[in-house]
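**Student:** Predicted model and sequence below, questions to follow.
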Amino acid sequence: MNQEQRVMEWIENHQDEIIHFLQQLIQIPSVNPWFFEEPAPSKEKDLQQFIAGKLEKLGADIEIWEPVADELKQYEGMAGYYPGRDFTGRPNLAATFGKGSEGKSLLLFGHIDVVMAGSKWTVDPFEGQVIDGKMYGRGTVDMKGGVAAMIMAVEAILRSGFKLKGPVIVGTVVDEEAGGMGALDFIHHGYRADACILTEPTSLTIAPLCRGILWGKIKIQGRSGHIEMPQADWRDGGAVDAIKKARYILEHLDRLNEKWAVSKTHPYLSIPCQVHVAQLNAGEYPTSFANEAEIVFNAQYLPSERDEKLVGGKVKKELTDFLREVSESDPWLCEHMPEIEWLVDADCAETDVAHPFVQTCVQSLKTIGEEGKIEGLGFHTDMGWPVNVGIPTVNFGPGDPSLAHHSDEFTPVDEVIQAVKMIAKTIVDWCEIEEA
């Protein structure tokens with residue numbers, strides 16, 4: 001029996017152990033505190049300590065530290081930097097196996113924070129219950145399924161009686177769900193590798209790129225007045241309905257999206273970049289015209305559109321110019337120019353599909369019986385900073401990403417096992433192994 005067969009046999013024989021480990025991750029509710037209106041203790045530290053305990057038993061060299069926002073000021077204006085963010089009790093973790101070995105190195109990377117459970121669950125969101133071959137729970141998809149798979153892949157190799165010829169770093173970070181400052185800090189901390197698998201959910205496809213995401217809020221001014229009474233011209237002090245002005249802008253957004261549907265595409269993305277309206281906030285009383293209105297939107301951008309700081313500045317300018325041009329065609333808006341308040345700029349990145357590491361991952365996937373499909377991700381992941389410092393990175397993990405953040409979020413158990421096999425196979429081929 002060769003090396004690969006021994007590792008795969010270990011995985012086959014320890015499927016219950018793999019799934020139990022994922023259940024244990026789900027059962028620690030590491031909800032990002034950004035989702036709570038009032039400050040609340042985070043369980044991220046509890047989960048990192050649990051992971052550290054497991055990795056320590058496997059012989060890893062472990063470092064745990066809390067990011068410090070003031071130490072990252074040099075990244076102002078770049079992805080993941082948020083001044084003053086508090087990471088007390090919210091540590092990052094790095095565990096290195098085969099430290100000092102001379103072979104090619106690999107970073108297995110993932111975030112351990114999750115969004116809040118929310119409502120309308122039919123099962124306990126923090127139990128990890130398995131029903132009909134699917135594990136349910138907050139984070140099974142995004143992205144504790146992937147974190148469990150990457151850790152168990154390393155364990156499968158070590159428990160099969162091998163040691164690594166090249167180092168493997170297991171990196172688990174916080175704060176991805178609120179902007180990615182944990183990943184920025186991890187890279188700032190100095191961790192590097194010859195390649196990286198970010199185990200975000202991809203339904204077991206290889207995703208060598210992700211899109212950038214801009215969240216913004218268009219603020220539109222009106223002038224309130226009695227909604228049931230005749231109104232003078234606005235130049236003479238009459239009311240102006242901010243909702244009607246918002247509709248005017250929305251109509252122009254539809255036309256902008258028609259242009260983007262042609263100009264902002266990528267061969268590995270199934271849908272074009274668009275400006276999606278996520279929220280409409282307006283009005284105060286049923287008897288008054290809206291004094292102001294807000295359009296909250298989500299706009300996507302491509303790696304080719306990044307600015308000099310590797311984020312979405314060019315697209316921000318494009319949207320700001322668009323809003324100004326639209327407003328200049330309306331007399332009220334021209335004199336009361338709407339403004340965009342930028343909320344989030346989540347970066348993007350891309351690795352050339354011809355890179356040897358991408359092809360190694362494709363072959364690993366084919367070896368375990370999967371198609372080996374390459375497909376980009378329409379959402380943001382933490383791959384930006386590894387790519388920015390020259391680490392070729394792919395996203396790969398179990399679970400359907402469209403189920404992330406849903407009530408009754410679930411991942412098929414067999415996908416988790418397949419992910420363990422693929423990652424283990426990639427370690428065998430990329431880092432190489434030998435008898436312990």
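**Tutor:** Arrived safely, thanks for sending.

**Student:** And for the nearest residue to His355 once chain neighbours are set aside, the neighbour number?
**Tutor:** Closest residue in space to His355, ignoring its immediate chain neighbours: Pro392 at 4.9 Å, by Cβ to Cβ, 6 or more residues apart in numbering. Where you see a C-beta, it was placed from the backbone N, CA and C, and this is true even at glycine. Neighbour count for Pro392, taken as other Cβ atoms under 10 Å: 18.

**Student:** and the gap between Pro392 and Tyr82?
**Tutor:** According to Cβ to Cβ, to the nearest Å, Pro392 stands 27 Å off from Tyr82.

**Student:** What of Asn257?
**Tutor:** Distance from Asn257 to Tyr82, counting by Cβ to Cβ: 29 Å.

**Student:** Next up, the contacts around the residue nearest in space to the middle of the chain.
**Tutor:** Nearest to the mean C-alpha position of the chain, counting by Cα atoms, centre = their mean, stands Thr381 at 3.2 Å. In this structure, Thr381 makes contact with 176, 198, 200, 210, 395, judged by Cβ atoms under 8 Å, 6 or more residues apart in numbering.

**Student:** Can you name the residues that contact the last one?
**Tutor:** Taking Cβ under 8 Å, 6+ apart as the contact definition, Asn395 lies against 197-200, 202, 206-208, 210, 377, 381, 383.

**Student:** how about low-confidence regions in the stretch 201-350 of the chain?
**Tutor:** For the stretch 201-350 of the chain, no stretch has pLDDT under 70.

**Student:** try 90 this time
**Tutor:** The stretch 201-350 of the chain contains residues with pLDDT under 90 at 344.

**Student:** which residue ranges form the strands in it?
**Tutor:** Taking DSSP state E, counting those that start in this stretch, the strands of the stretch 201-350 of the chain run over residues 209-210, 212-221, 275-282, 292-301, 339-346, 349-350.

**Student:** Kindly compare burial across the ones you listed and name the winner.
**Tutor:** Per residue and on average, the most neighbours among those fall to strand 209-210, with a mean of 26 (mean count of other Cβ atoms under 10 Å).

**Student:** residues making contact with that strand?
**Tutor:** Residues outside strand 209-210 that contact it (Cβ under 8 Å, 6+ apart): 266, 268-269, 303, 348-351, 376-381, 383-384, 395.

**Student:** Same question for stretch 300-318.
**Tutor:** Against stretch 300-318 from outside (Cβ under 8 Å, 6+ apart): 77-79, 209, 211-214, 216, 264, 266, 273-274, 299, 340, 342, 345, 347-350, 378, 384, 388.

**Student:** cool, stretch 220-233 as well?
**Tutor:** 234, 238-243, 245-246, 249, 284, 286-295, 333, 336, 338.

**Student:** follow-up on the earlier one: which ones among the contacts of Thr381 map onto strands?
**Tutor:** Judged by DSSP state E, those include 198, 210, 395 as members of strands.
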